[in-house]
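S.K.: Sequence and predicted structure are below.
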Amino acid sequence: MEALIDQLSETRFNKIEHVSETGSTNSDLVARASTLPDGFVLISDYQTVGRGRMGRNWEAPPSVNLLFSVLLHPKWPDERHQLVTPALALATVEMLQQLGMKASIKWPNDVLVQQEESKKIAGILAEYVQQENPVLVVGMGLNIGWPKLEDSGPPESTSLSACGIDEDRWKLLGEILKNFEKRLVQITVEKEVSGFIEDYCSKSSTIGHEVKVDKADGDIIGRAVGIEKDGSLIIENENGTTSFSAGDVTHLRKL
Ligand code: BTN
């Protein structure tokens, strides 16, 4: 853990708490939002009620995966809050590519790696906490040791172990958070946002593909052509161009 704090000494992520068990690291930081400094990191070896997007659960056995959340005091304009999730996804893809993996981002927040087919290796849950000084809590589950090939994990998910990679999880977390720091600076500086969007799109497995966006008022099918400066996904079809700020996306051709 000291090596991790050293690795992160030049970033905002040098205040780290590590617990062996909690309900959900996101929920904990949301509950403590008014007292914690920018960049505070909470890591847990196990979550009893880990939370995913759209009210789903996030499962992981004790001590094998990376489960952490960070608290951010936004210094960017409100309309860029939604870029924080892409920033963490991009930071993670960069780390995985440094390990030699074929990694990409499925909009908005799934990190995929290519095996015989694309499988999910990490997910991100971001929450906005409205208070006197609003904050964002961003949590990630990165599958390190589970599910292995022989395990029955969530469908279409994988792990570094299943991909034959054995690396120290603190070292990987350090790499992710260093990359994340750079990407957060990029989304804070107005003239760097377009560069960020370009970098994001270059690692996206959604952009350029036919997709279905699940919406409460009916599905939309079209081609994903980019993301807006607020992180929304731009879809083109015979009816024109539409942007979606949230939703579940299905890639219509298997990647
Ligand atoms: C998803 O893909 O649905 C998002 C999953 C996010 C899971 C992480 S694990 C650490 C943090 N604490 C939580 O309860 N959820 C996030």
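M.R.: Received, thanks. Numbers count the residues shown, from 1 in each chain.
S.K.: Count the residues that sit near the residue in the chain that the ligand sits nearest to.
M.R.: Across the chain, no residue is closer to the ligand than residue 123, which sits at 2.1 Å (Cβ to the nearest ligand atom). The way it works is simple: take the backbone N, C-alpha and C, and place the C-beta from them, glycine included. Residue 123 is flanked by 22 other residues according to other Cβ atoms under 10 Å.
S.K.: Next, the contact list for residue 196, please.
M.R.: Contact analysis of residue 196 by Cβ atoms under 8 Å, 6 or more residues apart in numbering lists 83, 86-87, 90, 183, 186-187.
S.K.: hmm, back to that, wait, doesn't the residue of the chain closest to the ligand sit right on residue 51?
M.R.: No - taking contacts as Cβ atoms under 8 Å, residue 123 lies outside contact range of residue 51: 10.2 Å.
S.K.: This structure: helices as residue ranges?
M.R.: 2-7, 25-31, 84-98, 169-188, 193-202 (DSSP state H).
S.K.: which secondary structure elements does the first one contact?
M.R.: If I follow you right, that is helix 2-7. Contacting helix 2-7 under the criterion 3 or more Cβ pairs under 8 Å, 6 or more residues apart in numbering; DSSP states H and E are the following elements: helix 169-188.
S.K.: The helix it packs on relative to helix 84-98, how many degrees between them?
M.R.: 130 degrees (axes from the mean of the first three to the mean of the last three Cα atoms, to 10 degrees).
S.K.: Quick check: buried residues in helix 169-188?
M.R.: Neighbour-count burial for helix 169-188, counted by 16 or more other Cβ atoms under 10 Å, picks out 169-170, 172-181, 183-188.
S.K.: May I see the buried residues of stretch 56-76?
M.R.: Buried positions in stretch 56-76, judged by neighbour count with 16+ other Cβ under 10 Å: 58, 60, 64-72, 74, 76.
S.K.: Having no further points to raise, I will conclude here.
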